[in-house]
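Chemist: After the sequence you'll find the predicted model.
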Amino acid sequence: MTPSRVEAGSGYRYYSETQIETARVIARLRELEFSVADVREILSNHSDDADIIERLRSQRAVIKERMKKDSDIAGLLDQIIVHETEATQTMNQTNYAVEEKSVEPCLIASVRMKGAYSECGKGFAKIGRRMGRFINGKPILLQHDTEYKENDADFEACMPIKKGQSNEEITVKELPGGRALSLMHLGPYEEIGRSYEKIMKHAKTQSLSYHLPTREIYHKGPGMIFKGNPKKYLTEIVFLISDDVS
């Protein structure tokens, strides 16, 4: 606003009472996050709240949409923080030895695939797009082969979910639980073979048979922001077992 007068020397600016009222309206509109251009247009053409009802509704819609985006971002930040905190705790607490544990059944969304294991990310991406808000656990890879295959592996990319329905690409089913052998592998995926040898040797020594599919649970891998250090990737190998010698 142009002041009604400016005092010589001090440079103090003086405004009339009507200008003070205009300043109050400007401040209020700016509090409601109208742009300077919007404020100028409103002041030029309106003088009552009732005149700008549609402008207020439009502004409310903009604010609500921004709030939704902010809420989604906050949820994503929470997800990253929780995941990385849990991974760090698991890394610090594990002794990297074969352990026997009880595995609870869980509902999963899965994509059955054939090819190189490195292609599993495509399956996880499909599940993420379809089931994103229902996902409530770490990525799991089910391996249906009795031995390692380079380019023709049979596997399922899976994510635990709270609820969901199957479609033409994704199968929703219960992943059974039971008695299991577990081993944490710390390091790149390319070196996981030595951990498989360790857990299979343990099963043989203890006369335990294991069932397909075997599982890999990804406690820490490439992050949502950084790829991270493969030396710090943490993968849990899980074999469901029985006492019967295979």
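Modeler: Structure's in. What do you need?

Chemist: Which other helices and strands does the strand ranked longest in the chain contact?
Modeler: When secondary structure is assigned using DSSP state E, the longest strand within the chain turns out to be strand 209-220. Packing contacts for strand 209-220, counted by 3 or more C-beta pairs under 8 Å, 6 or more residues apart in numbering; DSSP states H and E, involve helix 53-93, strand 140-143, helix 193-205, strand 234-242. From N, CA and C alone the C-beta is placed, and that goes for glycine too.

Chemist: Need the CA coordinates for stretch 117-137. CSV is fine.
Modeler: Coordinates of each C-alpha in stretch 117-137 appear next as CSV, following Å, rounded to 0.1, in the frame of the first residue of the first chain:
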residue,chain,number,x,y,z
TYR,A,117,16.8,-63.7,-9.4
SER,A,118,17.8,-60.1,-10.1
GLU,A,119,14.5,-59.7,-11.9
CYS,A,120,12.5,-60.1,-8.7
GLY,A,121,12.3,-56.3,-8.3
LYS,A,122,9.7,-56.2,-11.1
GLY,A,123,7.5,-58.5,-9.0
PHE,A,124,7.9,-56.4,-5.9
ALA,A,125,7.1,-53.3,-7.9
LYS,A,126,3.8,-54.8,-9.1
ILE,A,127,2.8,-55.7,-5.6
GLY,A,128,3.8,-52.2,-4.4
ARG,A,129,1.7,-50.5,-7.0
ARG,A,130,-1.4,-52.7,-6.3
MET,A,131,-1.2,-53.3,-2.6
GLY,A,132,0.9,-50.4,-1.3
ARG,A,133,-1.2,-49.2,1.6
PHE,A,134,-1.9,-52.8,2.8
ILE,A,135,1.7,-53.9,2.9
ASN,A,136,2.8,-54.6,6.5
GLY,A,137,6.1,-56.4,6.4
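
Chemist: what sits up against the longest strand of the chain?
Modeler: If you take C-beta atoms under 8 Å, 6 or more residues apart in numbering as the criterion, strand 209-220 is touched by 83-84, 86-87, 90-91, 138-146, 155-156, 181, 184, 192, 200, 203, 228, 232-246.

Chemist: one step back: looking at the helices and strands packed on strand 209-220, which is closest to Ile20?
Modeler: Across the helices and strands packed on strand 209-220, the minimum distance to Ile20, taken as C-beta to C-beta, is reached by helix 53-93, at 23.3 Å.

Chemist: average pLDDT across the closest one?
Modeler: Helix 53-93 carries an average pLDDT of 93.

Chemist: Backbone dihedrals for Glu168, please?
Modeler: Glu168 adopts backbone torsions of phi -70, psi -20, taken as degrees, to the nearest 10.

Chemist: Domains in this protein, by residue range?
Modeler: The chain is divided into the following domains under automatic domain parsing: 5-47, 53-93, 98-242.
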